[in-house]
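> Return a 3D structure for these sequence lines:
(2 chains)
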There are 2 protein chains.
Amino acid sequence: MHSAPLGYRFAVASAGFRKEGRADLALVVSDAPAAAAGVFTQNLFPAAPVLVGRSMLAARQTARAALINSGQANACTGDEGVRLCRATQALTAGAVGLDAEDILPASTGVIGPQLLMDRWEKAVPKLAANLGASGPEDFARAIMTTDAFPKLAAREVSLPGGTARFLGIAKGAGMICPNMATMLCVALADIEVETPAWRELLRETVATTFNRVTVDGDTSTNDTLYGLANGCSGVRAAPGLPGWDACAEALAGVLGELAYMLVKDGEGASKVAHIRVVGARSAADAELAARAVGHSQLVKTALYGRDANWGRIVAALGRSGANFDPQAARVSLCGVELFRNGQPTNSDFDALLAEPLKERDLSIDISLGDGPGEYTLLASDLTHDYVNVNADYRS
Amino acid sequence: MHSAPLGYRFAVASAGFRKEGRADLALVVSDAPAAAAGVFTQNLFPAAPVLVGRSMLAARQTARAALINSGQANACTGDEGVRLCRATQALTAGAVGLDAEDILPASTGVIGPQLLMDRWEKAVPKLAANLGASGPEDFARAIMTTDAFPKLAAREVSLPGGTARFLGIAKGAGMICPNMATMLCVALADIEVETPAWRELLRETVATTFNRVTVDGDTSTNDTLYGLANGCSGVRAAPGLPGWDACAEALAGVLGELAYMLVKDGEGASKVAHIRVVGARSAADAELAARAVGHSQLVKTALYGRDANWGRIVAALGRSGANFDPQAARVSLCGVELFRNGQPTNSDFDALLAEPLKERDLSIDISLGDGPGEYTLLASDLTHDYVNVNADYRS
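Predicted coordinates for the structure are as follows:
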């Protein structure tokens, strides 16, 4: 793992929001005001911290910190939820010597209950005392809910002005079908960059990374990605300057790696399906087709069962709503073509696929014709453990 | 159970299409030419018998029989699949003394493989010899795949001209999200009716019964409903005549009861959720909202876990694509209002719902405002057994 971007300090604390003893409160503070970007859920019921974060970023170009709790989503909590979210900012600002408006908030956990402010009041002094003593991995662990492992990715880029560093920290693992952002992610950089360019770069990168994964088709009320770029490396970056493309590539690498981790650690998941649709009449048709396959419970259980049941892929394409000529459609699984010209192409597919289907990473390649539309999607499978986790999440 | 409509004889046989010894071939023959209707899947990859059935009904007003096999779907089988489907019609026609064009075909089972004609050739003489010796329940059992129980429903209507009888036989239990028809259903009546009126009645009734259920969100390649009305009761029925509304109600009762059974016997299902959306801006908005909730893996696993996790219902509404004012949305579960004005309405909901959530039938009532749009949907839950059945279906 590369070293963290310069000029960021991390803190975690155990507040006991849902389980005693585990860290569930996380803070990252930048030494300098950082160009600040946010990408949020498109769910019509955005959580209180999403409302607060959105309005902060509409009013200002920079921020100094991100404050995240797990265990309580602060979603569907009305005006009181917003008031309590702002109270946590004020509490933390007082403890670490920042303005409340410098602290971007995010929450993850169960929808509905109001924040437990007595626990916040006890935990925030501990959080402040811990600042600088924790690292990125502690931060990643503190924001986990049903995640099996912490999710971090980093890149370094050598630019004319020096080395620039990019670090992303994210959490999964359920209600994952991001629409403009993932569940929760913080992307940190130490480049010096204008806020509008940074925001545009984040938006573009999310569209090809986090917005192309699905675990269960459910878009969260709390999806938030915050991006901070604090300039502490002294390396300037801007569209048109040498090195900008390298920065974009590094950020895409970080977010792409995290997006992959979200699916790999999807609740109960044992497989990552790499679904690639080409030849569609439009990108929208390709996306409809990819999502129908990636969300199909029957496809997902077949992948779990290592069953080369390609008919379920074809059936999902046929009901996807994508506009295409069925006779032109082709389907391959793990590199073996199975369906073409409306019929099976390979009678020996079960034997051919027995070994490949044991792998964690499986490719599903679909061609819908000779159009220009393409889309890729990463999808998890549907397993016994998914049902275990979700029939049981609150208890 | 009411007695069967007059003038129909049933037959079943064991062909060994997938398992030895169980009946997997079913035939119903009408004594007289029957007004014939068909409602078929909207999947872009219709199975061979769907293609054949559609073209038959485009060319003719009546039919004499329906021939159904389980174990092999004859879907994604190209021109050869159509040729073999027609061969099974010819084989059966020869054995029972009908024209091949009198026999409506349907298949259900695994997608991909071609029909095993040697087994058909051995089984059809047994099928013919059995004609009249089997009854509707034998027929219902022979068309089952992963179904746990046979699905029949019947109604009798007293009309001025005598008694009219309606019988429906259907199968589930996976790839159930019908779009213009269910997996397989035969609706038999002994009224004398003009074919156009009969077809129109079937279409309308399917729209409010089979098209409003979902097990797994996957629309099959083989969905087929055939309706036969043979006039053998001597009772005339037509739009405008006294008794037509009673016939329509009887048919709606038959198909509605079967639609409920499909969900109750959805693969692995332990619950039937009765989702009702009202107050939407349009019926289309109401349908989007109902389907987002009914297809949500997180809602379905919560129902299975008897978890009053209403936040998952709200999150599904928020990503449904339905156009509504989030502040106006209300959600009730089993008659207990849980969410209103953007926040929880009942802090005691877990205790209140502990007992009601043990029932098989659960109501989810959603209001999106004060618009005219309404929709109802029956949905199953998502259970360990669903994964068992589907990670393992072909093996």
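> Now do the phi/psi pair for residue A:207.
phi -60, psi -30 (degrees, to the nearest 10).
> I'd like the distance from the residue nearest to residue A:91 when sequence neighbours are not counted to residue A:105, if you could.
Nearest residue to residue A:91, sequence neighbours excluded (CB to CB, 6 or more residues apart in numbering or on different chains): residue A:124, at 4.9 Å. C-beta here means a position set from N, CA and C on the backbone, and glycine is covered the same way. For residue A:124, the distance to residue A:105 equals 13 Å [CB to CB, to the nearest Å].
> joint contacts of those two?
residue A:88 (CB atoms under 8 Å, 6 or more residues apart in numbering or on different chains).
> Can you tell me the element whatever residue of the stretch 251-395 of chain A ends up closest to chain B falls in?
Nearest residue of the stretch 251-395 of chain A to chain B, counting by CB to the nearest CB: residue A:311, 2.4 Å away. Using DSSP states H and E, residue A:311 sits within helix A:310-318.
> Show me what the helix or strand following that helix is packed up against.
For helix A:310-318, the succeeding helix or strand toward the C-terminus, using DSSP H and E, is strand A:330-333. Judged by 3 or more CB pairs under 8 Å, 6 or more residues apart in numbering or on different chains; DSSP states H and E, strand A:330-333 is in contact with helix A:310-318, strand A:336-340, strand A:361-367.
> residues in contact with residue A:79?
Per CB under 8 Å, 6+ apart, neighbours of residue A:79: none.
> Need the per-residue pLDDT for the nearest residue to residue A:119 once chain neighbours are set aside.
Nearest non-adjacent residue to residue A:119, counting by CB to CB, 6+ apart: residue A:15, 4.6 Å away. Note for residue A:15: predicted pLDDT of 97.
> Indicate whether the helix or strand bottoming out on mean pLDDT in chain A makes contact with chain B.
Sorting the helices and strands of chain A by mean pLDDT, DSSP states H and E puts strand A:213-214 at the bottom, at a mean of 80. No: residues of strand A:213-214 are not located near chain B by CB under 8 Å from any CB of the partner chain, the shortest gap being 10.5 Å.
> circling back: near the residue nearest to residue A:91, how many other residues are there?
24 (other CB atoms under 10 Å in any protein chain shown).
> and what of residue A:132?
Count around residue A:132 with other CB under 10 Å applied: 11.
> now swap in residue A:354 and tell me
11.
> Enumerate every residue touching it.
So residue A:354 contacts residue A:306 (CB under 8 Å, 6+ apart).
> Could you report the distance from residue A:87 to residue B:311?
Following CB to CB, the distance that separates residue A:87 from residue B:311 is 22 Å.
> Now do the helix or strand that residue A:108 is a member of against helix B:310-318, angle only.
Residue A:108 is part of strand A:103-110, with elements assigned from DSSP H and E. Counting by axes from the mean of the first three to the mean of the last three CA atoms, to 10 degrees, strand A:103-110 lies at 110 degrees to helix B:310-318.
> Extract the C-alpha trace of strand A:103-110 and format it as CSV.
C-alpha atoms of strand A:103-110 as CSV (Å, rounded to 0.1, in the frame of the first residue of the first chain):
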residue,chain,number,x,y,z
ILE,A,103,-16.8,19.3,8.8
LEU,A,104,-18.6,17.1,6.2
PRO,A,105,-20.9,14.6,7.8
ALA,A,106,-22.0,11.1,6.8
SER,A,107,-23.8,8.2,8.5
THR,A,108,-24.5,4.5,7.8
GLY,A,109,-26.6,2.0,9.7
VAL,A,110,-30.2,1.3,10.4
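> mean confidence for it?
For strand A:103-110, the per-residue pLDDT averages 92.
> same thing with stretch A:377-392?
pLDDT averaged over stretch A:377-392 gives 89.
> so does that stretch get close to chain B?
Yes: counting by CB under 8 Å from any CB, chain B is contacted by stretch A:377-392 at A:382, A:383, A:384, A:386, A:387, A:388, A:390, A:391, A:392.
> Closest to residue A:51 out of the residues you listed?
In terms of CB to CB, no member of these lies closer to residue A:51 than residue A:390, at 26.6 Å.
> Report the contact partners of that closest one.
Residues near residue A:390 by CB under 8 Å, 6+ apart: A:174, A:267, B:297, B:298, B:301, B:302, B:305.
> Put together JSON lines for those, with distance to residue B:192, secondary structure and neighbour count on each row.
Listed next are the contacts of residue A:390 as JSON lines, based on distance: CB to CB, whole Å; DSSP: H, G, I helix; E, B strand; the rest coil; neighbours: other CB atoms under 10 Å in any protein chain shown:
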{"residue": "A:174", "distance to residue B:192": "56", "secondary structure": "coil", "neighbour count": "23"}
{"residue": "A:267", "distance to residue B:192": "57", "secondary structure": "coil", "neighbour count": "28"}
{"residue": "B:297", "distance to residue B:192": "48", "secondary structure": "helix", "neighbour count": "26"}
{"residue": "B:298", "distance to residue B:192": "50", "secondary structure": "helix", "neighbour count": "25"}
{"residue": "B:301", "distance to residue B:192": "49", "secondary structure": "helix", "neighbour count": "28"}
{"residue": "B:302", "distance to residue B:192": "50", "secondary structure": "helix", "neighbour count": "26"}
{"residue": "B:305", "distance to residue B:192": "52", "secondary structure": "coil", "neighbour count": "22"}
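> Need those residues in TSV (columns: distance to residue A:320 and pLDDT).
Listed next are the contacts of residue A:390 as TSV, based on distance: CB to CB, whole Å; pLDDT from 0 to 100:
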residue	distance to residue A:320	pLDDT
A:174	24	75
A:267	24	86
B:297	18	91
B:298	22	90
B:301	24	94
B:302	27	94
B:305	30	93
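> Could you report the separation of the closest residue to residue A:168 other than its chain neighbours from residue A:266?
Counting by CB to CB, 6+ apart, the nearest residue to residue A:168 once its immediate chain neighbours are dropped is residue A:254, at 4.1 Å. According to CB to CB, residue A:254 and residue A:266 sit 19 Å apart.
> Could you count how many residues lie near residue A:3?
Neighbours around residue A:3, by other CB under 10 Å: 11.
> Show me what the helix ranked longest in chain A is packed up against.
For chain A, the longest helix by residue count, based on DSSP state H, is helix A:244-264. Secondary-structure packing of helix A:244-264 (3+ CB pairs under 8 Å, 6+ apart): strand A:151-159, strand A:162-171, strand A:184-189, helix A:195-208, strand A:213-214, strand A:272-280, strand A:373-380.
> picking that back up, what about the closest residue to the residue of the stretch 251-395 of chain A closest to chain B other than its chain neighbours, neighbour count?
Once flanking residues are discounted, residue A:311 sits nearest to residue B:111: 2.4 Å by CB to CB, 6+ apart. By other CB under 10 Å, the residues close to residue B:111 number 26.
> Which members of the residues of stretch A:377-392 next to chain B are positioned in strands?
Within the residues of stretch A:377-392 next to chain B, no residue falls in strands by DSSP state E.
> export those to JSON lines and tack on distance to residue B:73?
Below are the residues of stretch A:377-392 next to chain B laid out as JSON lines (distance: CB to CB, whole Å):
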{"residue": "A:382", "distance to residue B:73": "22"}
{"residue": "A:383", "distance to residue B:73": "25"}
{"residue": "A:384", "distance to residue B:73": "26"}
{"residue": "A:386", "distance to residue B:73": "27"}
{"residue": "A:387", "distance to residue B:73": "27"}
{"residue": "A:388", "distance to residue B:73": "31"}
{"residue": "A:390", "distance to residue B:73": "30"}
{"residue": "A:391", "distance to residue B:73": "31"}
{"residue": "A:392", "distance to residue B:73": "35"}
